[in-house]
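Student: the amino acid sequence is not available; the structure is as follows:
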(Lines give C-alpha, C1' and ligand atoms only; values in the text may rest on other atoms or scores of the structure.)
Protein backbone atom coordinates (compact mmCIF):
# COMPACT_ATOMS: atom_id res chain seq x y z
CA UNK A 1 0.00 0.00 0.00
CA UNK A 2 2.87 2.38 0.85
CA UNK A 3 4.51 1.90 -2.54
CA UNK A 4 1.18 2.62 -4.27
CA UNK A 5 0.83 5.91 -2.40
CA UNK A 6 4.46 6.85 -2.96
CA UNK A 7 4.30 6.59 -6.78
CA UNK A 8 2.00 9.63 -7.33
CA UNK A 9 4.18 11.60 -4.92
CA UNK A 10 7.32 10.77 -6.90
CA UNK A 11 5.54 11.71 -10.12
CA UNK A 12 4.49 14.99 -8.52
CA UNK A 13 8.06 15.76 -7.45
CA UNK A 14 9.28 14.99 -10.97
CA UNK A 15 6.64 17.23 -12.56
CA UNK A 16 7.33 20.06 -10.12
CA UNK A 17 11.05 19.91 -10.86
CA UNK A 18 10.29 20.04 -14.58
CA UNK A 19 8.04 23.05 -14.00
CA UNK A 20 10.88 24.93 -12.30
CA UNK A 21 13.39 24.06 -15.04
CA UNK A 22 10.88 24.95 -17.77
CA UNK A 23 10.23 28.43 -16.35
CA UNK A 24 13.94 29.17 -16.25
CA UNK A 25 14.39 27.86 -19.82
CA UNK A 26 11.62 30.14 -21.12
CA UNK A 27 13.23 33.15 -19.44
CA UNK A 28 16.66 32.31 -20.82
CA UNK A 29 15.22 31.77 -24.28
CA UNK A 30 13.51 35.17 -24.19
CA UNK A 31 16.74 36.81 -23.01
CA UNK A 32 18.88 35.16 -25.68
CA UNK A 33 16.38 36.16 -28.38
CA UNK A 34 16.31 39.77 -27.21
CA UNK A 35 20.11 39.93 -26.95
CA UNK A 36 20.52 38.46 -30.44
CA UNK A 37 17.99 40.89 -31.87
CA UNK A 38 19.24 44.08 -30.19
CA UNK A 39 22.45 44.38 -28.19
CA UNK A 40 24.66 41.77 -29.84
CA UNK A 41 24.28 42.97 -33.46
CA UNK A 42 25.08 46.53 -32.35
CA UNK A 43 28.07 45.31 -30.34
CA UNK A 44 29.35 43.22 -33.25
CA UNK A 45 29.21 46.32 -35.44
CA UNK A 46 31.23 48.28 -32.88
CA UNK A 47 33.91 45.64 -32.46
CA UNK A 48 34.15 44.84 -36.15
CA UNK A 49 34.49 48.52 -37.14
CA UNK A 50 37.15 49.08 -34.49
CA UNK A 51 39.19 46.05 -35.45
CA UNK A 52 38.75 45.77 -39.22
CA UNK A 53 38.20 49.38 -40.29
CA UNK A 54 40.49 51.14 -37.82
CA UNK A 55 43.11 48.87 -36.24
CA UNK A 56 43.68 46.54 -39.21
CA UNK A 57 43.65 49.51 -41.59
CA UNK A 58 46.37 51.23 -39.57
CA UNK A 59 48.45 48.04 -39.49
CA UNK A 60 48.08 47.48 -43.23
CA UNK A 61 48.98 51.05 -44.18
CA UNK A 62 51.81 51.75 -41.73
CA UNK A 63 54.30 52.43 -44.53
CA UNK A 64 51.95 54.23 -46.91
CA UNK A 65 53.56 57.26 -48.60
CA UNK A 66 51.55 57.64 -51.79
CA UNK A 67 49.37 60.73 -51.62
CA UNK A 68 46.37 58.98 -53.13
CA UNK A 69 46.68 56.05 -50.71
CA UNK A 70 47.12 58.41 -47.78
CA UNK A 71 44.07 60.39 -48.84
CA UNK A 72 42.00 57.20 -49.04
CA UNK A 73 43.33 56.05 -45.64
CA UNK A 74 42.45 59.41 -44.07
CA UNK A 75 38.94 59.29 -45.53
CA UNK A 76 38.41 55.71 -44.36
CA UNK A 77 39.76 56.40 -40.87
CA UNK A 78 37.66 59.55 -40.51
CA UNK A 79 34.47 57.79 -41.54
CA UNK A 80 35.32 54.72 -39.45
CA UNK A 81 35.71 56.84 -36.32
CA UNK A 82 32.31 58.42 -37.01
CA UNK A 83 30.80 55.00 -37.67
CA UNK A 84 32.35 53.64 -34.48
CA UNK A 85 30.89 56.52 -32.46
CA UNK A 86 27.43 56.01 -33.96
CA UNK A 87 27.54 52.24 -33.49
CA UNK A 88 28.56 52.53 -29.84
CA UNK A 89 25.68 54.97 -29.36
CA UNK A 90 23.30 52.46 -30.91
CA UNK A 91 24.66 49.68 -28.70
CA UNK A 92 24.21 51.87 -25.59
CA UNK A 93 20.62 52.65 -26.55
CA UNK A 94 19.82 48.98 -27.16
CA UNK A 95 21.42 47.87 -23.89
CA UNK A 96 19.50 50.52 -21.96
CA UNK A 97 16.19 49.52 -23.53
CA UNK A 98 16.82 45.85 -22.82
CA UNK A 99 17.92 46.66 -19.28
CA UNK A 100 14.65 48.55 -18.72
CA UNK A 101 12.66 45.56 -20.01
CA UNK A 102 14.55 43.15 -17.78
CA UNK A 103 14.25 45.43 -14.75
CA UNK A 104 10.48 45.53 -15.29
CA UNK A 105 10.43 41.75 -15.54
CA UNK A 106 12.49 41.54 -12.34
CA UNK A 107 9.96 43.79 -10.61
CA UNK A 108 7.03 41.72 -11.90
CA UNK A 109 8.74 38.44 -10.96
CA UNK A 110 9.53 39.72 -7.45
CA UNK A 111 5.87 40.73 -7.03
CA UNK A 112 4.77 37.29 -8.27
CA UNK A 113 7.13 35.59 -5.79
CA UNK A 114 5.72 37.71 -2.96
CA UNK A 115 2.13 36.94 -3.98
CA UNK A 116 2.89 33.21 -4.23
CA UNK A 117 4.50 33.26 -0.78
CA UNK A 118 1.26 34.81 0.50
CA UNK A 119 -0.73 31.98 -1.09
CA UNK A 120 1.57 29.44 0.52
CA UNK A 121 1.21 31.05 3.95
CA UNK A 122 -2.57 30.95 3.56
CA UNK A 123 -2.48 27.30 2.49
CA UNK A 124 -0.22 26.40 5.40
CA UNK A 125 -2.74 28.06 7.72
CA UNK A 126 -5.51 25.90 6.24
CA UNK A 127 -3.38 22.80 6.74
CA UNK A 128 -2.67 23.74 10.36
CA UNK A 129 -6.41 24.18 10.92
CA UNK A 130 -7.14 20.77 9.38
CA UNK A 131 -4.37 19.21 11.45
CA UNK A 132 -5.95 20.63 14.61
CA UNK A 133 -9.36 19.30 13.50
CA UNK A 134 -7.84 15.87 12.89
CA UNK A 135 -6.21 15.84 16.31
CA UNK A 136 -9.53 16.86 17.92
CA UNK A 137 -11.48 14.15 16.12
CA UNK A 138 -8.78 11.57 16.87
CA UNK A 139 -9.18 12.41 20.57
CA UNK A 140 -12.97 12.11 20.30
CA UNK A 141 -12.61 8.86 18.36
CA UNK A 142 -10.25 7.43 20.94
CA UNK A 143 -12.71 8.28 23.71
CA UNK A 144 -15.62 6.85 21.70
CA UNK A 145 -13.69 3.63 20.96
CA UNK A 146 -12.93 3.21 24.65
CA UNK A 147 -16.61 3.80 25.42
CA UNK A 148 -17.54 1.19 22.81
CA UNK A 149 -15.18 -1.33 24.37
CA UNK A 150 -16.68 -0.63 27.81
CA UNK A 151 -20.22 -1.06 26.48
CA UNK A 152 -19.21 -4.24 24.63
CA UNK A 153 -17.90 -5.57 27.95
CA UNK A 154 -21.17 -4.54 29.64
CA UNK A 155 -23.05 -6.42 26.91
CA UNK A 156 -20.90 -9.48 27.44
CA UNK A 157 -21.57 -9.27 31.17
CA UNK A 158 -25.34 -8.87 30.56
CA UNK A 159 -25.37 -11.85 28.18
CA UNK A 160 -23.47 -13.90 30.73
CA UNK A 161 -25.94 -12.89 33.46
CA UNK A 162 -28.82 -13.86 31.17
CA UNK A 163 -27.24 -17.25 30.51
CA UNK A 164 -26.83 -17.82 34.25
CA UNK A 165 -30.45 -16.81 34.89
CA UNK A 166 -31.64 -19.09 32.08
CA UNK A 167 -29.60 -21.98 33.46
CA UNK A 168 -30.97 -21.41 36.96
CA UNK A 169 -34.53 -21.30 35.58
CA UNK A 170 -33.94 -24.51 33.64
CA UNK A 171 -32.61 -26.23 36.77
CA UNK A 172 -35.61 -25.01 38.76
CA UNK A 173 -37.95 -26.35 36.09
CA UNK A 174 -36.28 -29.73 36.17
CA UNK A 175 -36.42 -29.75 39.93
CA UNK A 176 -40.10 -28.94 40.01
CA UNK A 177 -40.81 -31.56 37.35
CA UNK A 178 -39.00 -34.16 39.45
CA UNK A 179 -40.94 -33.06 42.50
CA UNK A 180 -44.24 -33.64 40.74
CA UNK A 181 -43.10 -37.13 39.86
CA UNK A 182 -42.08 -37.79 43.44
CA UNK A 183 -45.43 -36.55 44.69
CA UNK A 184 -47.17 -39.04 42.35
CA UNK A 185 -45.12 -41.95 43.71
CA UNK A 186 -45.60 -40.76 47.26
CA UNK A 187 -49.35 -41.08 46.85
CA UNK A 188 -48.87 -44.76 45.89
CA UNK A 189 -45.87 -46.04 47.84
CA UNK A 190 -45.47 -43.64 50.69
CA UNK A 191 -43.43 -40.52 51.39
CA UNK A 192 -40.31 -39.97 49.22
CA UNK A 193 -37.86 -37.28 50.40
CA UNK A 194 -36.45 -35.04 47.59
CA UNK A 195 -34.42 -31.83 47.19
CA UNK A 196 -35.87 -28.39 47.84
CA UNK A 197 -36.49 -26.62 44.50
CA UNK A 198 -35.73 -23.01 43.72
CA UNK A 199 -38.51 -20.65 42.86
CA UNK A 200 -39.19 -20.32 39.15
CA UNK A 201 -37.85 -16.74 38.75
CA UNK A 202 -39.39 -15.53 35.50
CA UNK A 203 -39.03 -11.92 36.61
CA UNK A 204 -35.26 -12.40 36.91
CA UNK A 205 -35.12 -13.71 33.38
CA UNK A 206 -37.06 -10.72 32.13
CA UNK A 207 -34.79 -8.36 34.05
CA UNK A 208 -31.67 -10.04 32.60
CA UNK A 209 -33.13 -9.82 29.10
CA UNK A 210 -33.92 -6.15 29.58
CA UNK A 211 -30.38 -5.53 30.80
CA UNK A 212 -28.97 -7.43 27.83
CA UNK A 213 -31.18 -5.50 25.37
CA UNK A 214 -30.24 -2.19 26.96
CA UNK A 215 -26.54 -3.10 26.77
CA UNK A 216 -26.98 -4.11 23.11
CA UNK A 217 -28.68 -0.78 22.38
CA UNK A 218 -25.82 1.08 24.03
CA UNK A 219 -23.27 -0.89 22.00
CA UNK A 220 -25.17 -0.10 18.79
CA UNK A 221 -25.29 3.59 19.68
CA UNK A 222 -21.61 3.63 20.63
CA UNK A 223 -20.68 1.83 17.40
CA UNK A 224 -22.61 4.39 15.38
CA UNK A 225 -20.77 7.18 17.18
CA UNK A 226 -17.40 5.52 16.47
CA UNK A 227 -18.34 5.04 12.82
CA UNK A 228 -19.38 8.69 12.58
CA UNK A 229 -16.07 9.88 14.03
CA UNK A 230 -14.14 7.57 11.70
CA UNK A 231 -16.02 8.95 8.69
CA UNK A 232 -15.33 12.51 9.83
CA UNK A 233 -11.68 11.68 10.38
CA UNK A 234 -11.38 10.06 6.95
CA UNK A 235 -13.09 13.03 5.29
CA UNK A 236 -10.88 15.63 6.98
CA UNK A 237 -7.74 13.56 6.36
CA UNK A 238 -8.73 13.49 2.68
CA UNK A 239 -9.20 17.26 2.75
CA UNK A 240 -5.78 17.67 4.36
CA UNK A 241 -4.24 15.40 1.71
CA UNK A 242 -5.75 17.63 -0.97
CA UNK A 243 -4.39 20.70 0.82
CA UNK A 244 -0.95 19.07 1.07
CA UNK A 245 -1.03 18.43 -2.68
CA UNK A 246 -2.10 22.01 -3.33
CA UNK A 247 0.70 23.24 -1.07
CA UNK A 248 3.24 21.14 -2.97
CA UNK A 249 2.00 22.61 -6.24
CA UNK A 250 2.19 26.14 -4.85
CA UNK A 251 5.71 25.49 -3.56
CA UNK A 252 6.71 24.21 -6.99
CA UNK A 253 5.21 27.30 -8.59
CA UNK A 254 7.12 29.42 -6.08
CA UNK A 255 10.32 27.56 -6.91
CA UNK A 256 9.72 28.20 -10.61
CA UNK A 257 9.07 31.89 -9.94
CA UNK A 258 12.16 32.15 -7.75
CA UNK A 259 14.20 30.44 -10.46
CA UNK A 260 12.84 32.90 -13.01
CA UNK A 261 13.60 35.82 -10.70
CA UNK A 262 17.15 34.56 -10.11
CA UNK A 263 17.70 34.12 -13.84
CA UNK A 264 16.33 37.60 -14.56
CA UNK A 265 18.57 39.15 -11.92
CA UNK A 266 21.60 37.41 -13.40
CA UNK A 267 20.58 38.65 -16.84
CA UNK A 268 20.00 42.13 -15.45
CA UNK A 269 23.51 42.10 -13.97
CA UNK A 270 24.96 40.98 -17.31
CA UNK A 271 23.17 43.71 -19.26
CA UNK A 272 24.10 46.26 -16.59
CA UNK A 273 27.75 45.28 -17.00
CA UNK A 274 27.49 45.57 -20.79
CA UNK A 275 25.73 48.92 -20.46
CA UNK A 276 28.40 50.20 -18.07
CA UNK A 277 31.28 49.15 -20.34
CA UNK A 278 29.59 50.61 -23.43
CA UNK A 279 29.09 53.91 -21.63
CA UNK A 280 32.76 53.92 -20.68
CA UNK A 281 33.63 53.41 -24.33
CA UNK A 282 31.27 56.05 -25.69
CA UNK A 283 32.34 58.50 -23.00
CA UNK A 284 35.93 58.05 -24.13
CA UNK A 285 35.04 58.44 -27.81
CA UNK A 286 32.85 61.49 -27.15
CA UNK A 287 35.65 63.18 -25.23
CA UNK A 288 37.98 62.72 -28.18
CA UNK A 289 35.24 63.75 -30.63
CA UNK A 290 34.52 66.98 -28.78
CA UNK A 291 38.23 67.84 -28.57
CA UNK A 292 38.47 67.79 -32.39
CA UNK A 293 42.24 67.41 -32.40
CA UNK A 294 44.15 66.64 -35.57
CA UNK A 295 43.58 63.19 -37.01
CA UNK A 296 46.87 61.79 -35.69
CA UNK A 297 46.06 62.86 -32.12
CA UNK A 298 42.46 61.71 -32.47
CA UNK A 299 43.52 58.21 -33.55
CA UNK A 300 46.33 58.09 -30.98
CA UNK A 301 43.98 58.99 -28.14
CA UNK A 302 41.15 56.82 -29.45
CA UNK A 303 42.99 53.50 -29.36
CA UNK A 304 43.52 53.56 -25.60
CA UNK A 305 43.53 50.06 -24.16
CA UNK A 306 42.12 50.93 -20.72
CA UNK A 307 39.47 53.40 -21.90
CA UNK A 308 38.27 51.75 -25.14
CA UNK A 309 39.69 48.28 -25.79
CA UNK A 310 39.38 46.96 -22.23
CA UNK A 311 35.63 47.83 -21.86
CA UNK A 312 34.84 46.30 -25.25
CA UNK A 313 36.94 43.22 -24.45
CA UNK A 314 35.09 42.84 -21.14
CA UNK A 315 31.84 42.65 -23.10
CA UNK A 316 33.44 40.20 -25.55
CA UNK A 317 34.40 37.90 -22.64
CA UNK A 318 30.98 38.22 -20.98
CA UNK A 319 29.09 37.32 -24.15
CA UNK A 320 31.48 34.50 -24.97
CA UNK A 321 31.09 32.94 -21.52
CA UNK A 322 27.32 33.19 -21.90
CA UNK A 323 27.52 31.42 -25.31
CA UNK A 324 25.83 34.40 -26.93
CA UNK A 325 28.62 35.65 -29.16
CA UNK A 326 28.17 33.28 -32.09
CA UNK A 327 29.66 33.77 -35.57
CA UNK A 328 31.79 36.70 -34.47
CA UNK A 329 33.72 37.87 -37.56
CA UNK A 330 36.79 38.96 -35.58
CA UNK A 331 38.76 37.70 -32.59
CA UNK A 332 39.41 39.53 -29.36
CA UNK A 333 41.88 42.45 -29.53
CA UNK A 334 45.04 41.81 -27.56
CA UNK A 335 47.33 44.36 -25.92
CA UNK A 336 50.19 43.21 -28.15
CA UNK A 337 48.08 43.98 -31.25
CA UNK A 338 47.36 47.43 -29.90
CA UNK A 339 51.09 48.08 -29.38
CA UNK A 340 51.71 47.26 -33.05
CA UNK A 341 48.86 49.56 -34.07
CA UNK A 342 50.32 52.42 -32.07
CA UNK A 343 53.66 51.87 -33.75
CA UNK A 344 51.91 52.09 -37.12
CA UNK A 345 50.20 55.32 -36.07
CA UNK A 346 53.59 56.79 -35.14
CA UNK A 347 54.93 55.88 -38.58
CA UNK A 348 51.94 57.57 -40.20
CA UNK A 349 52.33 60.76 -38.18
CA UNK A 350 54.28 62.53 -40.91
CA UNK A 351 51.85 61.79 -43.73
CA UNK A 352 48.56 62.32 -41.92
CA UNK A 353 47.07 65.80 -42.48
CA UNK A 354 47.40 68.36 -39.70
CA UNK A 355 43.73 69.31 -39.95
CA UNK A 356 41.21 69.00 -37.07
CA UNK A 357 39.22 65.79 -37.11
CA UNK A 358 35.86 67.59 -37.45
CA UNK A 359 37.13 69.45 -40.51
CA UNK A 360 38.17 66.18 -42.12
CA UNK A 361 34.82 64.66 -41.16
CA UNK A 362 32.98 67.57 -42.77
CA UNK A 363 34.90 67.13 -45.99
CA UNK A 364 34.62 63.33 -46.10
CA UNK A 365 31.88 61.60 -48.06
CA UNK A 366 31.17 58.96 -45.40
CA UNK A 367 27.84 57.86 -46.84
CA UNK A 368 29.69 56.24 -49.74
CA UNK A 369 32.35 54.67 -47.56
CA UNK A 370 31.60 51.00 -47.00
CA UNK A 371 32.62 49.79 -43.57
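Tutor: Arrived safely. These numbers were taken from a predicted model, which means no experiment stands behind them. Numbers count the residues shown, from 1 in each chain.

Student: chain center to whichever strand or helix holds residue 173: distance?
Tutor: Using DSSP states H and E, residue 173 sits within helix 67-189. When distances are taken as C-alpha atoms, centre = their mean, to the nearest Å, helix 67-189 is centred 21 Å away from the chain's centroid.

Student: and what of stretch 229-237?
Tutor: Centre to centre, stretch against its chain (C-alpha atoms, centre = their mean), the figure for stretch 229-237 is 34 Å.

Student: what sits closest to residue 348 if chain neighbours are left out?
Tutor: The shortest distance from residue 348 to any residue other than its chain neighbours is 6.6 Å, reached at residue 62 (C-beta to C-beta, 6 or more residues apart in numbering). C-betas here are computed from N, CA, C, even on glycine.

Student: can you tell me which helix or strand of this protein has the lowest average pLDDT?
Tutor: helix 2-37 (a mean of 63; mean pLDDT, DSSP states H and E).

Student: I'd like the next helix or strand past it.
Tutor: helix 39-48.

Student: which strands and helices lie in contact with the following helix or strand past that next one?
Tutor: Going down the chain from helix 39-48, the next helix or strand is helix 56-60, by DSSP H and E. Applying 3 or more C-beta pairs under 8 Å, 6 or more residues apart in numbering; DSSP states H and E, we find helix 56-60 packed against helix 67-189, helix 335-348.

Student: residues in contact with helix 56-60?
Tutor: With contacts defined as C-beta atoms under 8 Å, 6 or more residues apart in numbering, helix 56-60 is touched by 73, 76-77, 80, 299, 340-341, 344-345, 348.

Student: please report phi then psi for residue 356.
Tutor: As for residue 356, its main-chain torsions (degrees, to the nearest 10) stand at phi -60, psi 150.

Student: how about the nearest residue to it, chain neighbours excluded?
Tutor: Leaving aside its chain neighbours, residue 356 sits nearest to residue 292 (4.7 Å; criterion: C-beta to C-beta, 6+ apart).

Student: please tell me how far the one you found sits from residue 87.
Tutor: Separation of residue 292 from residue 87 (C-beta to C-beta, to the nearest Å) stands at 20 Å.

Student: ok, these two, which is more surrounded?
Tutor: residue 87 (22 against 15; other C-beta atoms under 10 Å).

Student: I figured that one hits residue 42, correct?
Tutor: Yes: using C-beta atoms under 8 Å, residue 87 is in contact with residue 42, at 6.4 Å.

Student: show me the contacts for the closest residue to residue 268 other than its chain neighbours.
Tutor: Distance criterion C-beta to C-beta, 6+ apart; nearest residue to residue 268, sequence neighbours excluded, is residue 102 at 4.7 Å. Residue 102 sits next to 31, 264, 267-268, 271 when contact means C-beta under 8 Å, 6+ apart.

Student: what's around residue 341, how many residues?
Tutor: Neighbours of residue 341 under the rule other C-beta under 10 Å: 22.

Student: isn't it right up against residue 303?
Tutor: Yes: using C-beta under 8 Å, residue 341 makes contact with residue 303 at a distance of 5.9 Å.

Student: find the residues that touch each one of those two.
Tutor: With C-beta under 8 Å, 6+ apart as the test, residue 341 and residue 303 both reach residue 55.

Student: quick one, helices of the stretch 251-371 of the chain?
Tutor: Remark: helices assigned in the stretch 251-371 of the chain by DSSP state H, counting those that start in this stretch are 295-302, 310-321, 335-348, 357-363.

Student: of these, which approaches residue 120 most closely?
Tutor: Nearest of the helices of the stretch 251-371 of the chain to residue 120, taken as C-beta to C-beta: helix 310-321 at 35.3 Å.

Student: what angle do that closest one and helix 335-348 make?
Tutor: Relative orientation of helix 310-321 versus helix 335-348 (axes from the mean of the first three to the mean of the last three C-alpha atoms, to 10 degrees): 140 degrees.
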